[in-house]
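[1] below is the sequence, then the predicted model.
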Amino acid sequence: LFTRILVYLFTRLLVYSFTKRTSMHSIAIFPGSFDPFTVGHADIVARGLGMFERIVIGVGVNEHKRPLQTADSRVESIARLYAGEPRVKVVAYSDLTIDLARREGADFILRGLRSVKDFEYERDIAVMNKALSGVETVLLFTDPQYSAVSSSVVRELLAFGKDVSEFLPH
Ligand code: ADP
């Protein structure tokens, strides 16, 4: 009986360490313009941390858009926000999100969904990314309290000198 108990405990330990190890290795890219990074973005990261071991926030460098902040200063301010969270890394990138995923060893892309418009857009990209690289896209519905928050609205308000602090994470 003693041997059987030992074998049972050993098997449980093996199963436990295996499941723990596999789940510990899930990395997701959270790509976006983040111009600027809002409370809506922060909510997606916080919820993503409950699903993935690590999140790499990929700040897209787009030559065609005229950003409020340069990519470097966006990276810097987001990194400052997560300075106490070793599971979050922030990088700038100017190639495809699936290439960033490959570099970072990520099997997932995390995105937020606010509206039907977001859905249509995300579906096409997700299908394409999956076909090209096998990377799965995980979509999280926006928390209703943030559904109207967007970087473009924040930029618009800033242009008219309004206080936007309630939309920015601290
Ligand atoms: P992009 O230019 O790639 O759409 P954004 O910086 O606008 O980048 O957004 C990055 C991601 O964050 C997108 O998946 C977007 O849907 C999501 N997102 C933006 N605002 C919110 C919000 N208020 N709630 C939930 N998700 C959001």
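    Sure, I can see it.
[2] quick one: name the residues of this structure near the ligand.
    Within reach of the ligand by C-beta under 6 Å from any ligand atom, the chain has these residues: 32-34, 38, 40-41, 44, 111-112, 114, 118, 142, 146, 149-151. Heads up, the C-betas are built off the backbone N, CA and C, glycines and all.
[3] at 8 Å instead, please
    Counting by C-beta under 8 Å from any ligand atom, the residues of the chain close to the ligand are 30-35, 37-41, 43-44, 60, 110-114, 118, 121-122, 139-143, 146-152.
[4] those in helices, which ones?
    39-41, 43-44, 118, 121-122, 151-152 (DSSP state H).
[5] which residues of this structure fall in helices?
    Ranges of helices in the chain, per DSSP H, are 2-24, 39-48, 71-81, 97-104, 116-133, 151-159.
[6] okay, the angle between the shortest one and helix 116-133?
    An angle of 60 degrees separates the directions of helix 97-104 and helix 116-133 when computed by axes from the mean of the first three to the mean of the last three C-alpha atoms, to 10 degrees.
[7] same question for the last one.
    With the same axes, to 10 degrees applied, the angle from helix 151-159 to helix 116-133 works out at 130 degrees.
[8] only alpha carbons, please: show helix 151-159 as PDB.
    Extracted as PDB, the C-alpha positions of helix 151-159 are listed here (Å, rounded to 0.1, in the frame of the first residue of the first chain):
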ATOM      1  CA  SER A 151      -6.900  56.900 -28.300                       C
ATOM      2  CA  SER A 152      -8.400  59.000 -31.100                       C
ATOM      3  CA  VAL A 153     -11.000  60.600 -28.800                       C
ATOM      4  CA  VAL A 154      -8.200  61.300 -26.300                       C
ATOM      5  CA  ARG A 155      -6.200  63.000 -29.000                       C
ATOM      6  CA  GLU A 156      -9.200  65.000 -30.100                       C
ATOM      7  CA  LEU A 157      -9.900  66.200 -26.600                       C
ATOM      8  CA  LEU A 158      -6.200  67.100 -26.100                       C
ATOM      9  CA  ALA A 159      -6.200  69.100 -29.300                       C
END
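[9] not counting its own residues, what contacts that helix?
    Helix 151-159 is contacted by residues 33-38, 68, 164, 167-168 when judged by C-beta atoms under 8 Å, 6 or more residues apart in numbering.
[10] make it 7 Å
    Outside helix 151-159, the residues within contact range by C-beta atoms under 7 Å, 6 or more residues apart in numbering are 33-36, 38, 68, 164, 167.
[11] and those, which two are furthest apart?
    Distance extremes for these: the farthest pair is Ser33 and Val164 at 16.2 Å, using C-beta to C-beta.
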